[in-house]
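Trainee: make a model of this:
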Amino acid sequence: MDFAERHGLRSSTQVAAAAAVEKEIAARALEVVRLSFPDQHGILRGKTVIAGDIAQVMREGCSITSTLLAKDTSHHTVFPVFTPGGGFGLPQMEGGCDLLMIADPLSFRVLPWAPKTGWLLCDLYFADGSAVPFATRHLCGEVLARLGAAGFEFKAGLEVELHIFKLDNARLAPADATWPPAPVEVSFISQGYAFLTETRFDQIEPILETVRRDVLALGLPLRSVEVELGPSQCEFTFHPQIGRASADTMMLFRSAVKQICRRQGFHASFMCRPRLPNVLPCGWHLHQSLADRCGANVFMPRAAGECLSPLGRAYLGGLLEHARAATAFTTPTLNGYKRYRPYGLAPDRATWGHDNRGVMVRALGGPADPATRLENRIGEPAANPYLYVASQIVSGLDGIARKLEPGPCADTPYEAAAAFLPRSLEEALVALRQDPCFADAFGARFLDYYLRIKEFEIARCRAEVSEWEQREYFDLF
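Mentor: Modelled structure (predicted):
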């Protein structure tokens, strides 16, 4: 009996899928398979295994160092891994010991841009078969299980903005190999402000065509490719998916686009607001609804003139109630808060409206519309998708349990009397600490872990002398 079977880590569907993966690898004569897990920041990490060993690896797992869970966004280690409990308070994490990556065979893909290469998404487990509590894909699965126990399933569609630049200088000189490394030098592939014009789209279509074809070849449910308002800015939207699938899609999409573009001499960035002249910020809007066990949309209202059912309104009330705390997950970088500006098609306070692009949550649909949904416009494209999705479900479930009312629709969202969204990551972390809902849902251990990593990033930022400080004080004083 192998490790996955011994600990009951696979369903019968996954067992059948694993056998199919082995056959496909042989039929396609693949040479290697990448095993990847999503880390705490939503970055894929892992190892590449020779194809002939993949059957054994899928059964017994692949070891990987636990120190990867101790990293901040610069890949510096935050936790004292060589102290008792490894800084995590868990003996299983002490000393940089190994964890096991267990592949989800249902995630198997053949990478179109990487010759003879397969790909598998993995979950993290300890040697005793228990799940690693800091693994965000597993955490999202637990939240979805609670939603299922309440009689609902989560349905989400993605609307993701990003920048694609021409790569001018990869900064590979030894002097550029700082930690983190010097940022690459880029130029625009288009000028901006010709929003959704066909001619502007055609200018950047050659690289978008390459991305589009490879994304579709991966089996991702791509819906549209659009040219956005800013220079070098574009948007990809995806058809709705059930459960954790939308987060998995975002995970693979983001990594795929960066790899595809780099091989073609471009640099794709999901950073919210790059420090480049005339660049505009990017967001990630999450369209979401709940369905009952029969698949019916429970947000769809029955009464004429209503845009949401009572349950949908309560879910919306939860999103607004916990918006400030949830921002720590929807907008987890210091840079992301530079997007929240009034009159900029990005929210600056916790408001909702019916088909209004200035609010935080946009209600779409109505009676007899099975696509009735909520579009949360708060997120940045760099967010960990599992934490983004989980934060929405946790907030919405609390709204349903408490029958929260969202209040009146905000027709003038930038003047509405509503709680302002955090102006910084630091403010968001304070709000997260003060909201018991997420400690109850995610567990105090995970929350302490997440807060420590983010506070370490803030401390590193504060220790740097910024260009603003240099310009403001160097000559004056």
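Trainee: for the stretch 351-477 of the chain, just list every one of the helices.
Mentor: Using DSSP state H, counting those that start in this stretch, the helices of the stretch 351-477 of the chain run over 385-402, 425-434, 436-442, 444-463, 467-473.
Trainee: for the chain, that is, sorry about that
Mentor: Listed from the start of the chain, the chain has helices (DSSP state H) covering 3-6, 12-27, 54-60, 136-149, 198-217, 245-263, 310-321, 323-330, 385-402, 425-434, 436-442, 444-463, 467-473.
Trainee: count of residues packed around residue 402?
Mentor: The local packing of residue 402 (other CB atoms under 10 Å) involves 13 other residues. Bear in mind the C-beta positions are built from the backbone N, C-alpha and C, glycine included.
Trainee: unless I'm mixing things up, residue 263 is touching residue 113, no?
Mentor: Yes. Residue 263 sits in contact with residue 113 when judged by CB atoms under 8 Å, with a separation of 5.9 Å.
Trainee: who has more neighbours out of the two?
Mentor: Residue environment comparison for residue 263 versus residue 113 gives the larger neighbour count to residue 113, 18 against 12, counting by other CB under 10 Å.
Trainee: quick one: that one from residue 209, how far?
Mentor: Per CB to CB, to the nearest Å, residue 113 is found 13 Å from residue 209.
Trainee: the chain - how does it break down into domains?
Mentor: 3-134, 144-470 (automatic domain parsing).
Trainee: distance between the ends of the longest one?
Mentor: Between the opening and closing residues of domain 144-470 we find a distance of 48 Å, counting by CA to CA, to the nearest Å.
Trainee: buried stuff in stretch 206-224?
Mentor: Residues of stretch 206-224 classed as buried by neighbour count (16 or more other CB atoms under 10 Å): 207, 208, 210, 211, 212, 214, 215, 218, 220, 221, 222.
Trainee: so how far is residue 278 from the third one?
Mentor: Look at residue 210 and residue 278: by CB to CB, they are 25 Å apart.
Trainee: residue 331 and residue 340, how far apart?
Mentor: Here the distance between residue 331 and residue 340 works out to 8 Å (CB to CB).
Trainee: kindly report the same for residue 421.
Mentor: Between residue 421 and residue 340 the distance, using CB to CB, works out to 5 Å.
Trainee: I'd assumed residue 254 was in contact with residue 220.
Mentor: No. Assessed by CB under 8 Å, residue 220 is found out of contact with residue 254, at 11.0 Å.
Trainee: thinking again about what came up before, looking at residue 331 and residue 340, which is more packed in?
Mentor: Neighbours were tallied for residue 331 and for residue 340 using other CB under 10 Å; the higher tally belongs to residue 331 (27 against 24).
Trainee: can you pull the contacts of that one?
Mentor: 272, 337, 339, 378, 379, 380, 383, 425, 428 (CB atoms under 8 Å, 6 or more residues apart in numbering).
Trainee: inside strands: which ones of the residues you listed?
Mentor: Filtering the contacts of residue 331 for membership in strands, criterion DSSP state E, returns 378, 379.
Trainee: my read: residue 227 touches residue 201, true?
Mentor: Yes. Residue 227 is in contact with residue 201 according to CB under 8 Å; the separation is 4.3 Å.
Trainee: which one of the two is surrounded by more residues?
Mentor: Between residue 227 and residue 201, counted using other CB under 10 Å, residue 227 has the larger neighbour count: 24 against 16.
Trainee: okay, and the beta partners of the more buried one?
Mentor: The partner list for residue 227 in beta bridges (DSSP bridges) reads residue 234.
Trainee: got the contact list for it?
Mentor: For residue 227, the set of contacting residues under the criterion of CB under 8 Å, 6+ apart consists of 190, 194, 195, 196, 197, 200, 201, 204, 233, 234, 235.
Trainee: what do you get if the cut-off is 10 Å, keeping everything else the same?
Mentor: Going by CB atoms under 10 Å, 6 or more residues apart in numbering, residue 227 touches 190, 192, 194-205, 208, 233-235.
Trainee: got any residues that touch both of residue 421 and residue 340?
Mentor: In terms of CB under 10 Å, 6+ apart, residue 421 and residue 340 are both contacted by the residues 327, 331, 346, 347, 348, 349, 360, 378.
Trainee: how many residues are close by the closest residue to the third one other than its chain neighbours?
Mentor: Across the structure, with CB to CB, 6 or more residues apart in numbering as the measure, the residue nearest residue 346 apart from its sequence neighbours is residue 339 (4.9 Å). Here the neighbour count serves as a burial measure; for residue 339 (other CB under 10 Å) it reads 21.
Trainee: run through the protein and note the low-pLDDT ranges.
Mentor: Counting by pLDDT under 70, the chain contains no low-confidence residues.
Trainee: identify the farthest-apart pair in the buried residues of stretch 206-224.
Mentor: Maximum pairwise distance in these, criterion CB to CB, is 21.1 Å, between 207 and 221.
Trainee: what about residue 132, distance to residue 90?
Mentor: Noted for residue 132: a distance of 9 Å to residue 90, by CB to CB.
Trainee: higher neighbour count, those two?
Mentor: Set side by side, residue 132 and residue 90 give different neighbour counts by other CB under 10 Å, the larger being at residue 132 (21 against 16).
Trainee: list the contacts for that one?
Mentor: For residue 132, the set of contacting residues under the criterion of CB under 10 Å, 6+ apart consists of 37, 66, 69, 88, 90, 92-93, 99-100, 123-126, 138-139.
Trainee: let's see that with 6 Å instead.
Mentor: 99, 124 (CB atoms under 6 Å, 6 or more residues apart in numbering).
Trainee: separation between it and residue 352?
Mentor: Going from residue 132 to residue 352 by CB to CB gives 36 Å.
Trainee: list the buried residues of stretch 404-424.
Mentor: Buried positions in stretch 404-424, judged by neighbour count with 16+ other CB under 10 Å: 404, 406, 407, 409, 410, 413, 416, 418, 421, 422, 424.
Trainee: what residue is smack in the middle of this structure?
Mentor: If you average the C-alpha coordinates of the chain and look for the closest C-alpha using CA atoms, centre = their mean, you land on residue 385, 2.3 Å from that point.
Trainee: wait, that residue sits on residue 247?
Mentor: Yes. Assessed by CB atoms under 6 Å, residue 385 is found in contact with residue 247 at 3.9 Å.
Trainee: ok, how many other residues are close to residue 83?
Mentor: Using other CB under 10 Å, residue 83 has 11 neighbouring residues.
Trainee: thank you, goodbye.
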